[in-house]
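Undergrad: return a 3D structure for these sequence lines:
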Amino acid sequence: MTFAPQSSPLQDLLPAFRGLVLASCLGASLAAQAPQRTITEAPFHKEPGGVRLGTLGPKTQWPVSRAQGDWIEATVGGWLFTQSTGAAGRDGYDLAVTAEGGENLRAAPDANAAVLGHAVNGALFKKLGARGRWTQVTRSAWLPRRAFPQNKPTAKVSAPSRPDSVVGVAPGAPAPPHEAASLLKGATIVRTPSGAAVATSLSDGEVRVVQRTGDWAKIEVTGWVRSSELGPARLGTGPRVTPSDLRTNPERYVGQIVIWRLQFLALQSADALRPEVPEGQQYVLARGPLPEAGFVYLIVTKDQAERFKQMQPLDEFDARARVRAAKTRYLPNPVLEWLDTGKEGQR
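TA: Numbering: from 1, shown residues only. Presented below is the predicted three-dimensional model:
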């Protein structure tokens, strides 16, 4: 079996969130659905596992309409600062977020209103109305089931279609030992279910499935490469401190150095809502450490920020950083100070 290698944004959220019910834009089938409250910060996508449109905050309420695998379709929206938007005409939506770093979705047309989430640059919405400098918007989007407490996936009991398949395994559960499967020619191998591609299978071959999550299977493959094609291990490949470690024992890790692989989302400037970051200081909003789906605030200097201005959302990079705070005042997201100045590990 042969593989072809492939190369490989959000504001802080207020502590008290108020759910937004957009009754005027709900269809008859949705009107009967009670809004469901998120239990964690969660990304929202154009389609299940598709283009990421932004992130919604914990304890926000959204009307849901249907489920598909590990995904829930919901109606999301709020108020956007009109200056951060522009006209659009695609996929049934007439407005797009045009601000380079994206824009917050707020519960009311007021800069002091609760932040419900953050929409990335290019995210499409349907305009509902306007008030002063604000525009009310809505759209349908897909959120992970894990965002809603009453929609945790459960195992199904079903007969396997063939000996090497696993049916009825709860998402995230390990597969039975030595589960064999055939990897088909042309299959794309990704780092995580929502991550970048790392290789493509150029021929059929046997693999071992070690874990399944929804429509995804984590596999182990065995192969040979020339020694000349091996390089030193990248940052973040060894034992590491996790965000859970930081929250469990913050006194132990504050001030220590961590090596994490992160996914760039946006370059932001801190305000009074981020007391752990000096007001006006630039920081990188990142996802990780991969493959975790949490968020990290990475403080950078003016010179360091120049590197990230050249990056695209979802680009991955290696970060060697010092722990400034185990979590923020309002959210369990660690705050780090970046120590690296080179471009190694950028994808």
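
Undergrad: Arg320: what secondary structure?
TA: Here Arg320 is recorded as strand under DSSP: H, G, I helix; E, B strand; the rest coil.

Undergrad: am I right that it is in contact with Leu262?
TA: No: the pair Arg320 / Leu262 is not scored as a contact, 11.0 Å apart, by CB atoms under 8 Å. Just so you know, the C-beta spots here come from the backbone N, C-alpha and C atoms, and that holds for glycine as well.

Undergrad: these two: who's more crowded?
TA: Each of Arg320 and Leu262 has its neighbours counted (other CB atoms under 10 Å); Leu262 has more, 25 against 17.

Undergrad: isn't the more buried one up against Leu285?
TA: No: using CB under 8 Å, Leu262 is not in contact with Leu285, being 9.9 Å away.

Undergrad: which neighbours do the two share?
TA: Both Leu262 and Leu285 are contacted by Val296, Leu298, under the criterion CB atoms under 8 Å, 6 or more residues apart in numbering.

Undergrad: helices or strands up against whichever helix or strand Glu73 is part of?
TA: For Glu73, the element it lies in under DSSP states H and E is strand 71-81. Here strand 71-81 touches strand 42-45, strand 61-62, strand 64-68, strand 103-106, strand 115-119, strand 124-131, strand 134-144, going by 3 or more CB pairs under 8 Å, 6 or more residues apart in numbering; DSSP states H and E.

Undergrad: out of those strands, nearest to Asp245?
TA: Among those, the nearest to Asp245 by CB to CB is strand 42-45 (22.6 Å).

Undergrad: for the record, mean pLDDT for that closest one?
TA: Mean pLDDT, computed over strand 42-45, is 92.

Undergrad: go on, stretch 335-347?
TA: On average, stretch 335-347 scores 59.

Undergrad: that older thread, got a markdown table for the helices and strands packed on strand 71-81, with distance to Ile257 and mean neighbour count too?
TA: Shown next, in a markdown table, are the helices and strands packed on strand 71-81 (distance: least, CB to CB, whole Å; neighbours: other CB atoms under 10 Å):
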| stretch | distance to Ile257 | mean neighbour count |
| --- | --- | --- |
| strand 42-45 | 28 | 22 |
| strand 61-62 | 39 | 22 |
| strand 64-68 | 42 | 15 |
| strand 103-106 | 32 | 25 |
| strand 115-119 | 29 | 26 |
| strand 124-131 | 41 | 16 |
| strand 134-144 | 31 | 22 |
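
Undergrad: tell me which of those sits nearest to Pro289.
TA: Minimum separation from Pro289 across those (CB to CB) falls at strand 42-45, 16.4 Å.

Undergrad: how far does the closest one sit from the chain's center?
TA: 7 Å (CA atoms, centre = their mean, to the nearest Å).

Undergrad: give me the contacts around it.
TA: Counting by CB under 8 Å, 6+ apart, residues outside strand 42-45 touching it are 51-56, 58, 71, 74, 76, 117, 141-144, 146-147, 293.

Undergrad: let's see it as CSV, backbone CA atoms only.
TA: Provided in CSV are the C-alpha atoms of strand 42-45 (Å, rounded to 0.1, in the frame of the first residue of the first chain):
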residue,chain,number,x,y,z
ALA,A,42,-19.2,24.6,19.8
PRO,A,43,-18.4,25.3,16.1
PHE,A,44,-21.2,25.7,13.6
HIS,A,45,-20.9,24.5,10.1
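
Undergrad: and the helix or strand that that strand is followed by, which strands flank it?
TA: Using DSSP H and E, the helix or strand that directly follows strand 42-45 along the chain is strand 52-56. Sheet pairing for strand 52-56, assigned by DSSP bridges, gives strand 42-45 (antiparallel), strand 115-119 (antiparallel).

Undergrad: coming back round to it: who wins for proximity to Gln36 among the helices and strands packed on strand 71-81?
TA: strand 64-68 (5.2 Å).

Undergrad: average pLDDT across the closest one?
TA: 87.

Undergrad: and after the least confident helix or strand in the chain by mean pLDDT, which helix or strand comes next?
TA: Ranking every helix and strand in the chain by mean pLDDT, DSSP states H and E puts helix 28-31 at the bottom, with a mean of 35. Using DSSP H and E, the helix or strand that follows helix 28-31 in sequence is strand 36-37.
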